[in-house]
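# Show me how the following folds:
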Amino acid sequence: MTLHSQNREKLENFGLSYEIIIKSPGRINLIGEHIDYNGGYVLPAAIDKTITLSFRKNNSDSCKIYSSNFKSSFEINLNNLKRSETEWQNYILGVVYHINIVKPNLVKGFDCIIESNLPLGSGISSSAALECGMAKGINELFNLGLTDIEIITVSKDAEHTFVGTKCGIMDQFAVVKGKKNHLILLNCKTLDYELIEANLAPYKIVLLNTNISHNLASSEYNIRRDECKIALKAIQMKYPNFNNLIEVKPKVVREFKKVLPEKIFNRALYVTKENRRTLRAVKFLKNNNLKEFGECLNRSHRGLRYLYEVSCQELDFLVDFSTNLDYVIGSRMMGGGFGGCTINLVHKSHIDEFIEKISGAYQEKFNIELTPIHVSISDGVTKI
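Numbering: from 1, shown residues only. Just a heads-up that it's a prediction; the model follows:
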């Protein structure tokens, strides 16, 4: 329901009387793409691009939400929570709904203004930033006592049920547990994790936003998840002890080359290779072998392109261009795929040259303006 103009005006002036302000970051993932829902290892980090959420209680049974980016607002009736036809609203509705399951009847009416410098559809998980920021803010505003894991879980559940994307837990985990200058080696099955120092010098992380829409991302994401389940089920007929696809070694997957349909076989082979590649990449990083670490990123993209088939011509063009430059040691698509960003490890002395060259080539090839995004590895969701 759209708010009346007088309520919108009140919300726009809301920053004058906030009670709680939350900064919720986007995330990058160095390697381990599409592995979280298969129970494997991923290597994400929170970044310095954030969503800011300002909260106050309003002593009613409804919540008034205003997005400064969308310049739109809506109202939540706490006594009648249901999905909206407007997609971005469902991330918020889902969080409120699932918090109410964990902490029944403790969430009361509140107002919230949302401001973001996270580019939507870029693969840096603005959705998880919004979900976790909302959950953190509600938790602080009403002193609910939610743990970090509960905030992560209700945020993931919101995306599953209200948004309809059967995501893994990586994005929400990185948004909540991120630490400045550290990557997170996360076991998505057990949620055990290790903080890894992000010693990438003299290289820096540069994201290149294709500015191509994720038109296929949600539907194809769910399809890939189903394809992995099909592969695992077939493998379990012969090897019932495997509980997750990442437990299967590539040589075992190859036994099923003539049994599985080609696409299903390729999906399984990618998953088993990528999980092992992530662990190798971490060893290279710990040993300061950045060239081999970067080559793991390159191989990851080839797997995503040819085996998992979630890339697109724009992403492939950017990766191909980047890997032909001596001062770029690693490049791959990042996120769900079919658009969004590439993540690149670029020597700090050549960043301006890199952006100028690749932007011109991309413009000439596709007649689309490329958006570079400089990121630093930062802390997770924070009350300020």
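# Which segments of the chain make up each domain?
According to automatic domain parsing, the chain is divided into the following domains: 5-197, 203-374.
# nearest to residue 381, of these?
With distances scored as CB to CB, the stretch of the domains of the chain nearest to residue 381 is domain 5-197 (4.5 Å). C-betas here are computed from N, CA, C, even on glycine.
# now the closest one: mean pLDDT?
Mean per-residue pLDDT for domain 5-197: 91.
# Equivalent analysis for stretch 284-299, please.
Mean pLDDT, stretch 284-299: 98.
# Going forward, count from 627.
Fine by me, first position is 627 from now on; the one you just mentioned is stretch 910-925.
# can you give me the offset of that stretch from its chain's centre?
Relative to its parent chain, stretch 910-925 has a centroid offset of 22 Å by CA atoms, centre = their mean, to the nearest Å.
# for the chain, what spans make up the helices?
Ranges of helices within the chain are 631-638, 713-728, 752-767, 774-784, 796-803, 843-864, 876-880, 888-912, 916-932, 939-949, 977-992, based on DSSP state H.
# which parts of the fourth one are buried?
Spelled out, that is helix 774-784. If you call a residue buried by 16 or more other CB atoms under 10 Å, then helix 774-784 has these buried ones: 774, 776-784.
# what sits up against it?
With CB atoms under 8 Å, 6 or more residues apart in numbering as the test, helix 774-784 has contacts from 716-717, 719-721, 723-725, 727-728, 754, 757-758, 760-762, 765, 772, 793-795, 798-799, 801-803, 817, 1007.
# can you rerun that using 7 Å?
Helix 774-784 is contacted by residues 717, 720-721, 724-725, 728, 754, 757-758, 761-762, 765, 793, 795, 798-799, 802-803 when judged by CB atoms under 7 Å, 6 or more residues apart in numbering.
# any idea which of the domains of the chain is most buried?
Mean neighbour count (mean count of other CB atoms under 10 Å) peaks for domain 631-823 among those, with a mean of 20.
# returning to that earlier point: please name whichever of the helices of the chain is nearest to residue 836.
helix 939-949 (4.4 Å).
# Quick one: list the elements packing against that closest one.
If contacts are counted by 3 or more CB pairs under 7 Å, 6 or more residues apart in numbering; DSSP states H and E, helix 939-949 sits against helix 916-932, strand 954-960, strand 967-973, helix 977-992.
# Mind checking the ones you listed for the one nearest to residue 670?
Closest among these, once you apply CB to CB, is strand 954-960, at 9.8 Å.
# what helices or strands is that closest one leaning on?
Counting by 3+ CB pairs under 7 Å, 6+ apart, the packing neighbours recorded for strand 954-960 are helix 916-932, helix 939-949, strand 967-973.
# Just the mean pLDDT for it, thanks.
Computed over strand 954-960, the average pLDDT equals 97.
# What separation do you get for the residue lying closest to residue 703 once chain neighbours are set aside and residue 819?
What sits nearest to residue 703 in space, not counting adjacent residues and going by CB to CB, 6 or more residues apart in numbering, is residue 688, at 5.5 Å. Residue 688 sits 38 Å away from residue 819, going by CB to CB, to the nearest Å.
# Excluding residues flanking it in the chain, which one is nearest residue 1009?
residue 766 (5.4 Å).
# wait, that neighbour sits on residue 1007?
No - applying CB atoms under 7 Å as the test, residue 766 and residue 1007 come out as separate, 10.3 Å apart.
# and residue 658, what is it in contact with?
Per CB under 7 Å, 6+ apart, neighbours of residue 658: 666-669, 900, 904.
# what would the residues you listed look like in TSV with distance to residue 891?
Formatted as TSV, the contacts of residue 658 follow (distance: CB to CB, whole Å):
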residue	distance to residue 891
666	18
667	22
668	23
669	26
900	15
904	21
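# now, which of the residues you listed sits nearest residue 959?
Closest to residue 959, out of all of the contacts of residue 658 and judged by CB to CB, is residue 900, at 12.6 Å.
# The closest one and residue 930 touch, don't they?
No - assessed by CB under 7 Å, residue 900 is found out of contact with residue 930, at 8.2 Å.
# Find residues that contact each of these two.
With CB under 7 Å, 6+ apart as the test, residue 900 and residue 930 both reach residue 659.
# sorry, back to before: in a markdown table: the helices and strands packed on helix 939-949, plus distance to residue 945.
Formatted as a markdown table, those follow (distance: least, CB to CB, whole Å):
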| stretch | distance to residue 945 |
| --- | --- |
| helix 916-932 | 5 |
| strand 954-960 | 5 |
| strand 967-973 | 6 |
| helix 977-992 | 10 |
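# Any idea which of those gets closest to residue 699?
Nearest of these (CB to CB): strand 967-973, 29.1 Å.
# Quick one: closest of the helices and strands packed on strand 954-960 to residue 864.
Closest approach to residue 864 among the helices and strands packed on strand 954-960 is made by helix 916-932 (24.0 Å; CB to CB).
# Grab the most central residue of this protein for me.
residue 751 (3.5 Å; CA atoms, centre = their mean).
# Spatially nearest residue to that one (excluding sequence neighbours)?
Nearest non-adjacent residue to residue 751, counting by CB to CB, 6+ apart: residue 797, 4.2 Å away.
# Name all residues that make contact with that neighbour.
Residue 797 neighbours (CB under 7 Å, 6+ apart): 653, 751, 754.
# in the sheet, who's paired with the first one?
In other words, residue 653. Beta-bridge partners for residue 653, by DSSP bridges, are residue 672.
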